[in-house]
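Participant: got a predicted structure here, sequence first:
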Amino acid sequence: MELTSSAFANSGDIARRYTCEGEDIAPSLSWSDVPQGARSLALIVDDPDAPDPAAPIITWVHWVLYDIPPSATGLPEGGKPLPGGAHEGLNDWNRTGYGGPCPPVGRHRYFFKLYALDTLLPELHTPKKAELERAMQGHVLGQAVLIGTYQKQRKG
């Protein structure tokens, strides 16, 4: 599978528009080459560099989506509308939807991880990342990763 965005290149800078310093909307995402037999897709966006890339303590979760139909080829800017049947989980702000990069210090990496699954996950109800990952165990047919980076602009 391949995951791309028209908003940033792999390992490139995420534009301010998609962060807490901008409009805080999800960048558009596109994917291709979903494996045969996939019954759903899941997307997790997280930051393993929180709070400080020099001394990371936690992985901060920015977006959780699951039960995306395998026929979908991406998500529009803003993340809405979701493809039919897709559901959102909770991010680490304890809300559904996308929460953009807002690093307190340093340049952070944001991992957009797309998974192809051989099942649907109807038993989940607004899961956090860990619950979704447990439910996905043994069901992952393929994975694609897109990494973006962001550092807050200096105020001055």
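Facilitator: Great, that's in hand. Remember, it's a predicted structure, so these values are computed and weren't measured experimentally.

Participant: three-state assignment of the most centrally placed residue in the chain?
Facilitator: Centre of the chain computed as the mean C-alpha position; nearest residue by C-alpha atoms, centre = their mean is V45, 2.6 Å away. Recorded secondary structure, V45: strand (DSSP: H, G, I helix; E, B strand; the rest coil).

Participant: wait, what's in contact with it?
Facilitator: The contact partners of V45, by C-beta atoms under 8 Å, 6 or more residues apart in numbering, come to 61-64, 98, 110-113. Where C-beta positions appear, they are placed from N, C-alpha and C, glycine not excepted.

Participant: again, only using 6 Å
Facilitator: 62-63, 112 (C-beta atoms under 6 Å, 6 or more residues apart in numbering).

Participant: quick check: it vs G79, distance?
Facilitator: As for V45, its distance to G79 is 10 Å (criterion: C-beta to C-beta, to the nearest Å).

Participant: before we move on, what about H62?
Facilitator: Taking C-beta to C-beta as the measure, H62 falls 11 Å from G79.

Participant: who's more crowded, these two?
Facilitator: Neighbour count, other C-beta atoms under 10 Å: between H62 and G79, H62 has more, with 22 against 19.

Participant: that's a strand at the more buried one, yeah?
Facilitator: Yes: assessed by three-state DSSP, H62 belongs to a strand.

Participant: check contacts around it.
Facilitator: Contact partners of H62, counting by C-beta under 6 Å, 6+ apart, are 45, 91, 99.

Participant: quick check on E133: phi, psi?
Facilitator: The phi/psi pair for E133 (degrees, to the nearest 10) reads phi -60, psi -40.

Participant: now do it against Y115, distance only.
Facilitator: Distance from E133 to Y115, by C-beta to C-beta: 9 Å.

Participant: compare these two (neighbour count), which wins?
Facilitator: Y115 (23 against 15).

Participant: pretty sure the more buried one contacts V140?
Facilitator: Yes: under the criterion of C-beta atoms under 6 Å, Y115 makes contact with V140 at 5.3 Å.

Participant: burial count for W93?
Facilitator: 12.

Participant: look up the closest residue to it, ignoring the ones flanking it.
Facilitator: G99 (5.2 Å; C-beta to C-beta, 6 or more residues apart in numbering).
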